[in-house]
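J.: 3D, please:
(one chain, ligands or ions: 1)
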Amino acid sequence: MDLAPWLAVQTERVMPRIIVGAAIISGGRVLACERAEPPEMAGKWEFPGGKVDPGETEVQALVRECQEELGVDVEVGQRVGDDIAMLNGTAVLRVYVATLINGAQPVALEHSDLRWLAVGELYSVPWLPADAPIVRALEPLLPSTA
Ligand SMILES: Nc1nc2c([nH]c(=O)n2[C@H]2C[C@H](O)[C@@H](COP(=O)(O)OP(=O)(O)OP(=O)(O)O)O2)c(=O)[nH]1
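T.: Presented below is the predicted three-dimensional model:
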């Protein structure tokens, strides 16, 4: 009998899958990314990131995802907000502040659009629902005059 699927379900019950996101801040603005897929999430905005792969640290996952999705290198800093439970408690969203390094500018390699939002523009895009508390927690981290 193949126990692998059962084990995967049991593991998810006690160890939720970690999804990391990068709140990339530059020039007092944060980068928001519009999802291109799947259809039910297309048009919603998010922080670049994704699932942490087995054997990978959260920081490594963020660095990899920012390279894959945006073609940039980032340095990962402090956490933003609390863990957000998602997908019936089988996953959590965990967001970190990040900064650009090496001078490259983000390119939408997997998203349909990118926008740099100043604090007053944070709610000008429709974020994925889980991101709402994170967006709120970002407000004090952005300058009021950007
Ligand atoms: N990256 C990211 N995902 C988010 C955010 N908010 C939110 O609800 N999610 C959800 C959307 C997806 O269900 C899940 C992340 O999936 P993903 O498709 O980005 O992950 P991934 O890059 O590892 O994708 P894959 O390997 O499974 O194709 O988390 C966010 O701000 N950033």
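J.: right, and the helix or strand after the biggest strand by length in the chain?
T.: Counting residues, the longest strand found in the chain (DSSP state E) is strand 73-86. Following strand 73-86 in sequence order, the next helix or strand is strand 91-101 (DSSP states H and E).
J.: Listing partners with orientation, what would you give for the host helix or strand of Val20?
T.: Assigned by DSSP H and E, Val20 falls within strand 17-26. Its sheet considered, strand 17-26 pairs with strand 29-34 (antiparallel), strand 49-51 (antiparallel), strand 91-101 (parallel) by DSSP bridges.
J.: Does anything pack onto the longest strand of the chain? Which helices or strands?
T.: strand 17-26, helix 58-70, strand 91-101, helix 132-138 (3 or more CB pairs under 8 Å, 6 or more residues apart in numbering; DSSP states H and E). C-betas here are computed from N, CA, C, even on glycine.
J.: Give me the distance from the third one to the chain's centre.
T.: Distance of strand 91-101 from the chain centroid (CA atoms, centre = their mean, to the nearest Å) equals 6 Å.
J.: The shortest one too?
T.: Offset of helix 132-138 from its chain centre (CA atoms, centre = their mean): 12 Å.
J.: hmm, who's touching that helix?
T.: Residues outside helix 132-138 that contact it (CB atoms under 8 Å, 6 or more residues apart in numbering) are 21, 23, 30, 47, 80-82, 84, 93, 95, 122-123, 127.
J.: Buried ones from these, can you make that a PyMOL selection?
T.: Only the buried members of these end up in this PyMOL selection, burial being decided by 16 or more other CB atoms under 10 Å:
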select buried, resi 21+23+30+47+80+81+84+93+95+122+127
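J.: Which two among the contacts of helix 132-138 are spaced furthest apart?
T.: Among those, the pair separated by the greatest distance (CB to CB) is Asp82 and Tyr123, at 19.6 Å.
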